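**Student:** Got a predicted structure plus its sequence, pasted below:
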Amino acid sequence: MATKPSRTTGRAGPAEKQLEAFIGKFAPKDQRLIRAVRSTVRKRFPTANELVWDNYNFFVIGYSPTERPSDSIVSIAARANGVGLCFIHGAGLPDPGKLLLGSGRQTRFIRLESAAVLARPEVEALLAAAIARAQTPLAAGGRGKLLIRSVSAKQRPRRKPAR
């Protein structure tokens, strides 16, 4: 069962606290990675809305110029086995470095071992191309909102099982 969406424009509002609780389900190393990636992507997309889902398979933060998920440009997707950056319309992006993984009709992704991967020139080129191809442009100014879109009552574990 999904919960009612919550929203905030402030950093310490109820949606931010809920987001921190979602991140807190992960192992400490993954928590640090998710926070670092979010901070880096947030700086790259300051006017985008952050749309959050804590679903059965993945914890996702999408970056959209609107409140519509279909307008998202990229998203951070995390589960117990790692964190990735998904390019929502990645199948059509130029990828001379062959970084993009996946075989779906629309989305492609890269795995992230650290937030530093986002600073690589070939990843920056993918981000720039994704922004340029967005159907709805990002706002030139202002700051996006944090919107909790849904939370699944049943979820896969967010931590790897202890061996």
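**Tutor:** Perfect, I can see it now.
**Student:** Need the per-residue pLDDT for Lys154.
**Tutor:** Per-residue pLDDT puts Lys154 at 76.
**Student:** What of Thr9?
**Tutor:** 43.
**Student:** what do you get for the one 10 residues further on?
**Tutor:** Turning to Leu19, the model gives it a pLDDT of 95.
**Student:** now stretch 15-30: how far from the chain's centre is it?
**Tutor:** Taking C-alpha atoms, centre = their mean, to the nearest Å, one finds stretch 15-30 lying 13 Å from the centre of the chain it belongs to.
**Student:** Now do the same contact list for Gly104.
**Tutor:** Residues counted as contacts of Gly104 (C-beta atoms under 8 Å, 6 or more residues apart in numbering) are Ala91. For every residue, glycine as well, the C-beta is placed using N, CA and C.
**Student:** and it, which of the three is it?
**Tutor:** Recorded secondary structure, Gly104: coil (DSSP: H, G, I helix; E, B strand; the rest coil).
**Student:** For Gly92, see how far away it is.
**Tutor:** Distance, Gly104 to Gly92, by C-beta to C-beta, to the nearest Å: 12 Å.
**Student:** and what of Phe109?
**Tutor:** Taking C-beta to C-beta, one finds Phe109 at 14 Å from Gly92.
**Student:** Pick out whichever of those two has more residues nearby.
**Tutor:** Taking neighbours as other C-beta atoms under 10 Å, Phe109 and Gly92 compare with Phe109 leading, 19 against 13.
**Student:** Centre of the chain to the helix or strand where that one lies, how far?
**Tutor:** Using DSSP states H and E, the element containing Phe109 is strand 108-112. Centre-to-centre, strand 108-112 and its host chain are 11 Å apart (C-alpha atoms, centre = their mean).
**Student:** Could you do stretch 111-123 as well?
**Tutor:** Relative to its chain's centre, stretch 111-123 lies at 14 Å (C-alpha atoms, centre = their mean).
**Student:** Now it - C-alpha only, CSV.
**Tutor:** This file holds the C-alpha atoms of stretch 111-123, laid out as CSV (Å, rounded to 0.1, in the frame of the first residue of the first chain):
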residue,chain,number,x,y,z
ARG,A,111,26.7,1.9,-12.1
LEU,A,112,28.2,4.3,-9.5
GLU,A,113,31.0,3.2,-7.3
SER,A,114,31.4,6.8,-6.1
ALA,A,115,30.0,10.2,-6.8
ALA,A,116,33.3,11.0,-8.5
VAL,A,117,32.1,9.0,-11.5
LEU,A,118,29.6,11.8,-12.2
ALA,A,119,32.5,14.3,-12.8
ARG,A,120,34.0,12.2,-15.6
PRO,A,121,33.9,14.1,-18.9
GLU,A,122,32.0,11.3,-20.7
VAL,A,123,29.4,11.1,-18.0
